[in-house]
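Asks: quick one: sequence plus predicted model below, questions after.
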Amino acid sequence: MSKNTPNNIKLGAFVVAGIFFLILMLYMIGKNESLFGAKITLKTHFRNAQGLLPGNNIRYSGIEVGTVKRVSILNDTTIEVVMMIKENMRHYIRKNAIASINTDGLMGNKLVNITPSEAPAAFVNEGDILPSRKPLDTDEMMRVLSETNNDIAVVAEDLKKSIQRINNSTALWNLLGDESIPQNLRNSMVQVQRATLGVNSMVGDLQMVVDHVQSGQGALGTVLYDTAFNRNLNEALVKVRSIGEQADTLSSQISALASSINKDVQQGEGVVNALLKDKDITVKLNNSLQNIEKGTESFHQNMEALKSNFLFRGYFRKQERLKRQKESAAEARDSNGKLSSVN
């Protein structure tokens with residue numbers, strides 16, 4: 001019995017050590033530590049680790065390539081994550097690949113997901129720091145979702161009240177139940193269709209007018225596109241401008257002449273000034289006119305007396321006969337002309 005005790009102790013220690021080693025191996029295999037493979041160390045920085053722990057998986061484009069070795073705090077705004085990556089991934093992961101913290105499934109463990117960038121870059125080396133993307137904050141998402149639910153509840157309540165008001169509105173249901181509304185709508189659509197046809201016809205006519213104008217037809221087309229007409233119009237405008245300038249010159253000359261006449265009338269010593277301002281000449285002109293009237297009347301009386309005189313009576317009668325003959329001949333010519341026009 002005493003001889004077997006040391007052997008039993010050795011056996012028990014060996015069994016315990018073997019069990020402990022087996023447990024350790026199972027733990028390391030479960031954490032994907034890659035005990036027997038070569039690996040490189042990469043780093044990345046986050047503002048919030050989101051519950052990331054050492055031993056969490058690392059995926060590159062959805063493929064597991066390593067595990068998280070350490071999560072440490074550098075300062076109050078930076079958290080450093082040290083990653084153990086398989087050596088054979090060195091030739092696939094580039095320096096501009098982006099690291100982000102995601103969740104394995106909806107409620108699974110945290111993991112680091114490395115996403116390749118489209119821009120070209122060199123491959124990673126030992127100890128390189130990969131750029132990171134801000135992880136999704138599930139608490140913030142739940143908070144926003146809660147606010148959205150509250151807003152939806154308010155909208156649903158308002159919608160419920162609106163539906164109740166619609167159900168309680170007799171006028172709306174009377175309007176919906178009016179059988180004449182479809183016919184009125186149909187008539188309105190017919191009128192709209194007719195108006196549309198009229199507008200289309202008017203547009204066609206307008207297009208025709210535009211085509212005629214562009215082809216130089218019509219007065220407007222001639223004005224716009226006829227070069228000869230435009231040249232004549234320009235010449236006419238030049239002539240009108242010249243006439244206007246001559247009219248301005250003539251107006252200036254007339255104005256100067258009127259000023260000169262006015263000056264002569266007001267200040268000169270001519271006949272016009274004398275007629276307008278000399279009262280004695282006016283009296284003399286009136287007397288002369290009266291004398292002319294008296295002389296004319298006396299001449300008329302003398303002529304009447306001559307007609308009664310036997311010496312000149314035959315002459316005046318002869319003149320009257322000639323006058324009557326001329327009038328008869330003129331009347332005969334007028335009557336002949338009227339008959340010829342009628343025929």
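Replies: Now that the structure is in, tell me what you want to look at.
Asks: what packs against the helix or strand containing S188?
Replies: Counting by DSSP states H and E, the element that carries S188 is helix 180-214. Where contact means 3 or more Cβ pairs under 8 Å, 6 or more residues apart in numbering; DSSP states H and E, helix 180-214 is packed against helix 218-225. Yep, even glycine has a C-beta here, placed from its N, CA and C like the rest.
Asks: same question for the helix it packs on, mean pLDDT?
Replies: For helix 218-225, mean pLDDT is 63.
Asks: any idea how far Q301 lies from T170?
Replies: Separation of Q301 from T170 (Cβ to Cβ, to the nearest Å) stands at 114 Å.
Asks: again with T196
Replies: Distance, T196 to T170, by Cβ to Cβ: 37 Å.
Asks: swap in N7?
Replies: 103 Å.
Asks: V82 now?
Replies: 74 Å.
Asks: who has more neighbours out of these two?
Replies: Legend: neighbour count by other Cβ atoms under 10 Å for V82 and T170, higher for V82 (15 against 7).
Asks: list the buried ones in whatever helix or strand the more buried one lives in?
Replies: In the assignment (DSSP H and E), V82 maps to strand 79-86. Judged by neighbour count (16 or more other Cβ atoms under 10 Å), strand 79-86 contains these buried residues: 79-81, 83-86.
Asks: can you list the residues you listed in TSV and add distance to R333 and pLDDT?
Replies: Formatted as TSV, the buried residues of strand 79-86 follow (distance: Cβ to Cβ, whole Å; pLDDT from 0 to 100):
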residue	distance to R333	pLDDT
I79	134	92
E80	137	94
V81	135	93
M83	136	92
M84	142	92
I85	137	91
K86	139	90
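Asks: relative to L130, which of these is nearest.
Replies: M83 (8.4 Å; Cβ to Cβ).
Asks: spit out the contact partners of the closest one.
Replies: 41-44, 58, 66-69, 99, 112 (Cβ atoms under 8 Å, 6 or more residues apart in numbering).
Asks: repeat the analysis, applying 7 Å as the threshold.
Replies: Residues near M83 by Cβ atoms under 7 Å, 6 or more residues apart in numbering: 42-43, 58, 66, 68-69, 112.
Asks: got it, and D104?
Replies: L111.
Asks: now the phi/psi pair for it, please.
Replies: Backbone geometry at D104, expressed as degrees, to the nearest 10, gives phi -80, psi 90.
Asks: the one 10 residues further on now?
Replies: Here is the backbone geometry of I114 (degrees, to the nearest 10): phi -100, psi 120.
Asks: beta partners of it?
Replies: Y60, A99 (DSSP bridges).
Asks: send me stretch 192-212 as PDB with only the CA atoms.
Replies: C-alpha atoms of stretch 192-212 as PDB (Å, rounded to 0.1, in the frame of the first residue of the first chain):
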ATOM      1  CA  VAL A 192     -62.100  68.900 -71.500                       C
ATOM      2  CA  GLN A 193     -61.500  66.600 -74.500                       C
ATOM      3  CA  ARG A 194     -63.200  69.000 -76.900                       C
ATOM      4  CA  ALA A 195     -61.200  71.900 -75.400                       C
ATOM      5  CA  THR A 196     -58.000  69.800 -75.900                       C
ATOM      6  CA  LEU A 197     -58.900  69.100 -79.500                       C
ATOM      7  CA  GLY A 198     -59.500  72.800 -80.000                       C
ATOM      8  CA  VAL A 199     -56.200  73.700 -78.400                       C
ATOM      9  CA  ASN A 200     -54.500  71.100 -80.600                       C
ATOM     10  CA  SER A 201     -56.100  72.600 -83.700                       C
ATOM     11  CA  MET A 202     -55.100  76.100 -82.700                       C
ATOM     12  CA  VAL A 203     -51.500  74.900 -82.000                       C
ATOM     13  CA  GLY A 204     -51.500  73.300 -85.500                       C
ATOM     14  CA  ASP A 205     -52.700  76.500 -87.100                       C
ATOM     15  CA  LEU A 206     -50.100  78.500 -85.100                       C
ATOM     16  CA  GLN A 207     -47.400  76.100 -86.300                       C
ATOM     17  CA  MET A 208     -48.600  76.600 -89.800                       C
ATOM     18  CA  VAL A 209     -48.300  80.300 -89.400                       C
ATOM     19  CA  VAL A 210     -44.900  80.000 -87.900                       C
ATOM     20  CA  ASP A 211     -43.800  77.800 -90.900                       C
ATOM     21  CA  HIS A 212     -45.200  80.300 -93.400                       C
END
